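Asker: take a look and give me a structure for this.
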Amino acid sequence: MLLFFLKKISRASQKALVAGWKASVICLT
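Answerer: Residues are numbered from 1 along each chain as shown. Just a heads-up that it's a prediction; the model follows:
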């Protein structure tokens with residue numbers, strides 16, 4: 001149960017990280 005929850009959090013943070021990286025790339029260009 002806890003492992004599934006951690007996987008869900010890591011996936012969500014991964015998506016947020018990618019979204020933030022894309023936003024920074026758009027701002028810089």
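
Asker: going forward, measure contacts between C-alpha atoms and count neighbours the same way
Answerer: OK.

Asker: do me a favour and average the pLDDT over the one helix or strand Ser10 maps to.
Answerer: If you go by DSSP states H and E, Ser10 is part of helix 2-28. Mean pLDDT, computed over helix 2-28, is 91.

Asker: Gln14: neighbour count?
Answerer: Counted with other CA atoms under 10 Å, the neighbours of Gln14 add up to 12.

Asker: any idea how far it is from Thr29?
Answerer: Look at Gln14 and Thr29: by CA to CA, to the nearest Å, they are 23 Å apart.

Asker: how distant is stretch 9-27 from the center of its chain?
Answerer: When distances are taken as CA atoms, centre = their mean, to the nearest Å, stretch 9-27 is centred 5 Å away from the chain's centroid.

Asker: what lies in contact with that stretch?
Answerer: Stretch 9-27 is contacted by no other residue when judged by CA atoms under 8 Å, 6 or more residues apart in numbering.

Asker: may I have it as CSV, with CA atoms only?
Answerer: C-alpha atoms of stretch 9-27 as CSV (Å, rounded to 0.1, in the frame of the first residue of the first chain):
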residue,chain,number,x,y,z
ILE,A,9,3.9,10.6,-5.6
SER,A,10,7.1,10.0,-7.6
ARG,A,11,5.2,9.9,-10.9
ALA,A,12,3.3,13.1,-10.0
SER,A,13,6.5,14.9,-9.0
GLN,A,14,8.1,13.6,-12.3
LYS,A,15,5.3,15.1,-14.3
ALA,A,16,5.6,18.4,-12.4
LEU,A,17,9.4,18.4,-13.0
VAL,A,18,8.9,17.9,-16.7
ALA,A,19,6.3,20.6,-16.9
GLY,A,20,8.5,23.0,-15.0
TRP,A,21,11.4,22.2,-17.3
LYS,A,22,9.3,22.8,-20.4
ALA,A,23,8.1,26.1,-19.0
SER,A,24,11.7,27.2,-18.3
VAL,A,25,12.7,26.3,-21.8
ILE,A,26,9.8,28.3,-23.3
CYS,A,27,10.7,31.3,-21.1
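
Asker: perfect, that will be all.
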